[in-house]
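*Asks:* Next comes the sequence, and after it the predicted model I'd like to discuss.
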Amino acid sequence: MIGATPRWVLGATAFFLVAVGLFMLVPLLVVIASSLSSSEFLVFPPPGLSLRWYGEILGSDAYLNAGWTSLKLALGTVVLALALGTPAAIALTRFRFAGRAAIASVFLSPLILPSLIFAIGLLIVFSRYAAGPSFLGLVIGHTVITMPYVIRTVSANLADIDPNLDEAARVMGARWWQRYLLVILPQCRTGMAAGAFFAFNISFDDAVIALFMRAPGVETLPMRIYSTLEFSPDPSVAAVSTVMIAMTMLLVVLLNRVFGLSRIA
Amino acid sequence: MSTGTMRLSREPALLLSPGLLFLLLAFFFPAIQLLAQSFLTVGAEAGRFTLEHYAKVVVDDFYAGVALRTFRLALIITALCLLIGFPLAVVMSRAGPTLRTILIVLIILPLMTSVVIRTFGWLVILGPGGVLSWTLQQLGLIERSMSLMHTETGVVLAMVQVLLPFLVLTTLGSIGQIPASLEEASRTMGAGFFGSIYHVTLPLSVPGLASGSLLVFALSISSFITPSLVGGVRLQVMAGSIYQQMTGSFDWGFGAALSVILLVITLMLIVPYMVITSRVGGRT
């Protein structure tokens, strides 16, 4: 057998995969386990099981407000990132023009700049030219860091589709708005959906930009979790985190349905 | 696409301009403002050109130490990611569809979970009386409870878990482009299992490994959430002290100078990363 793998290598590989799997998943599993603890403190192993911490967060205005803020923020980001990113992706994949490669890298450049550095620049701008950081500032910041994902997914999506369909519509006399509404945008559907999932996930999870753009009265879930961890972690943080992990799992499943996980990897 | 050139160039311009204008105002303008801030005086005579913030970084021993720790940790983290990530990517590229999907979920699920939550998990694992301490006690390896909080070992462990997915995904892209026939040929011609990996797979994965490790290194020096929560104030890293300057002590000029230094180093790493990825065909 040409491709034969020695037996002991298979054994070692299995061991390696289990070890890496534990290493990657245990940090998430311990959070889920801690959320079910009946103790006031984060001790391991938990003395007993209880769902009281879920009741606790449902009765906590601070967590509910933070959850609502995070949700509004993520949805606003998705809308803005799709509105700005989709047309750009259409232009970059369906047209040839001078400077196309350069413009494409301009659009992807927020991926390169560490979000820490971008967050500081944004904080300086909002403090100098606006009344300081605000919810709108957060939406703008998250749109900048998520738009590249929309552009990548929509571009990948359009690359798979025959551009002649649009050409046919044009030849048959479709007006520009008919082409966009009836041909091009429906073609972008899966790319837009995948981009929206990414944008939602990144915005909902982001703590870096949120912590720098801290505005009075605006607190997202990751900000709340961060400050709780700094001072007094208790199992209610674990319950909130578990809800967020469950949402991430749902997004991964949806992303796989719509776009295929192997295309991300 | 020859059809595209015949179209009016007004159409792509209209499609691109909202996004470009937005990036100009919301991305490039802040970056320039950050650069400007690092050269401007603050306080009574605010707004004059100065190099004092940069001088402070160089002169102050504390920040030299912080910078040194940042880079030492980033090097260790990158090396460990390479050591774990390369074999993992090789296995993923050869695995059957089921195992491959499981492994991709294993990499993507943590990647898509908030860094704050993953770090929380590590606090529960590493803390005194935590999962690690309990497990080692149960196994009889240690007698008293232990903690890896506020240690470099703890920071490295948590950071490797946070950053490993970036290395694996980048490397997987480059291994996927190696034709299976090359490895088969080397095996037919007498190479052993490891000989084939060492002489064929490894050299051909170098672009992916190189770009993946540059990315991990760049992300590692600019992380502050995991190092701040696991390492605490005693083990400050550059990104952590930037966060403190900007939100705690409000020395924006100094914070900006530290960020510009971090930015310059990141760009020195990222430019080669972009050259490598565009040469191998790149992932769009």
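*Replies:* On my side now, so go ahead. Since this is a predicted model, take the numbers as computed values, not measurements. Numbering: from 1, shown residues only, chains lettered A, B, ... in the order given.
*Asks:* element containing residue 88?
*Replies:* With no chain named, the answer covers chain A. A:A88 is part of helix A:61-94, with elements assigned from DSSP states H and E.
*Asks:* that's the wrong chain, I wanted chain B
*Replies:* B:L88 belongs to helix B:61-94, assigned by DSSP H and E.
*Asks:* Do me a favour and average the pLDDT over the helix holding A:A88.
*Replies:* Regarding helix A:61-94, the rounded mean pLDDT is 97.
*Asks:* following it, which helix or strand shows up next?
*Replies:* Next along from helix A:61-94, by DSSP H and E: helix A:100-108.
*Asks:* Point me to the residue of the stretch 101-250 of chain A nearest chain B.
*Replies:* A:G121 (3.0 Å; Cβ to the nearest Cβ). To be clear about C-beta, it is placed using only N, CA and C from the backbone, and glycine gets the same treatment.
*Asks:* Next up, phi/psi of that residue, please.
*Replies:* phi -60, psi -40 (degrees, to the nearest 10).
*Asks:* who's in contact with it?
*Replies:* B:F29, B:P30, B:A31, B:I32, B:Q33, B:L34 (Cβ atoms under 8 Å, 6 or more residues apart in numbering or on different chains).
*Asks:* again with B:T41
*Replies:* Contacts of B:T41 (Cβ under 8 Å, 6+ apart): B:G47, B:R48, B:F49, B:T50, B:E52, B:G253.
*Asks:* Buried ones among those residues?
*Replies:* Those of the contacts of B:T41 that meet the buried threshold are B:T50, B:G253, by 16 or more other Cβ atoms under 10 Å in any protein chain shown.
*Asks:* Please list which of the contacts of B:T41 are also close to chain A.
*Replies:* On the criterion Cβ under 8 Å from any Cβ of the partner chain, none of the entries of these sits beside chain A.
*Asks:* got TSV for the contacts of B:T41, with secondary structure and pLDDT too?
*Replies:* Listed next are these as TSV, based on DSSP: H, G, I helix; E, B strand; the rest coil; pLDDT from 0 to 100:
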residue	secondary structure	pLDDT
B:G47	coil	76
B:R48	coil	83
B:F49	strand	88
B:T50	coil	87
B:E52	helix	87
B:G253	helix	89
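*Asks:* Show me the shaky parts of the stretch 1-150 of chain A.
*Replies:* Within the stretch 1-150 of chain A, the segments meeting pLDDT under 70 span A:1-3.
*Asks:* Repeat that for chain B.
*Replies:* Segments of chain B classed as low confidence (criterion: pLDDT under 70) are B:1-8, B:44, B:277-284.
*Asks:* What is the burial count for B:Y54?
*Replies:* 17 (other Cβ atoms under 10 Å in any protein chain shown).
*Asks:* Over to A:T5?
*Replies:* Close neighbours of A:T5, defined as other Cβ under 10 Å, add up to 11.
*Asks:* how about the helix holding A:A88 against chain B, any contact?
*Replies:* Yes: contact of helix A:61-94 with chain B (Cβ under 8 Å from any Cβ) involves A:A83, A:L84, A:G85, A:P87, A:A88, A:I90, A:A91, A:L92, A:R94.
*Asks:* Show me which positions of that helix end up buried.
*Replies:* A:63, A:65-67, A:69-70, A:73-78, A:80-82, A:84-94.
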